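K.L.:
okay, sequence plus prediction incoming.
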Amino acid sequence: MMMNISEFVEYVEDFYGAASTLYPMGATTKMIVAATEKYINKVGTDPEVSDSFCGDSLDRERVRDIMMDDYGLVWPS
């Protein structure tokens, strides 16, 4: 499932944005873009992330984890 970055950002926002009905974590577009850029730069240089970016659920979850670490977002209870 390859998508462009804009589509991926919307996809992540649908899951973790402030208005999300799935997992409302308060992620802003700016946070998602920065975390996505950080993740894409990491792909291929980190042995734990040896695959490539394709915009799938694994990529979405990895971007979520970056936002949790970098911005203190928490899993909704």
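P.N.:
Looks like it came in fine. Numbers count the residues shown, from 1 in each chain.

K.L.:
which intervals of the chain have sub-threshold pLDDT?
P.N.:
Filtered on pLDDT under 70, the chain yields the residue ranges 1-3, 44-51.

K.L.:
so which residue is smack in the middle of it?
P.N.:
Closest to where the C-alpha atoms of the chain average out (CA atoms, centre = their mean) is residue 63, at 2.6 Å.

K.L.:
secondary structure element for that residue, which one?
P.N.:
Residue 63 is part of helix 57-71, with elements assigned from DSSP states H and E.

K.L.:
surely the residue nearest to the centre of the chain and residue 37 touch.
P.N.:
No: counting by CB atoms under 8 Å, residue 63 sits too far from residue 37 to count as a contact (9.7 Å). Backbone N, C-alpha and C define where each C-beta goes, glycine included.

K.L.:
what's in contact with the helix holding residue 63?
P.N.:
Helix 57-71 is contacted by residues 8, 11-12, 15-16, 25, 27, 31-32, 34-36, 38-39, 49, 51, 53, 73-75 when judged by CB atoms under 8 Å, 6 or more residues apart in numbering.

K.L.:
about what we covered before: how many neighbours does the residue lying closest to the residue nearest to the centre of the chain once chain neighbours are set aside have?
P.N.:
Nearest residue to residue 63, sequence neighbours excluded (CB to CB, 6 or more residues apart in numbering): residue 35, at 4.8 Å. Neighbour count for residue 35, taken as other CB atoms under 10 Å: 25.

K.L.:
so what's residue 23 up against?
P.N.:
For residue 23, the contacting residues are 15, 16, 75, 76, by CB under 8 Å, 6+ apart.

K.L.:
list only buried entries from these.
P.N.:
Buried members of the contacts of residue 23, scored by 16 or more other CB atoms under 10 Å, are 15, 16.
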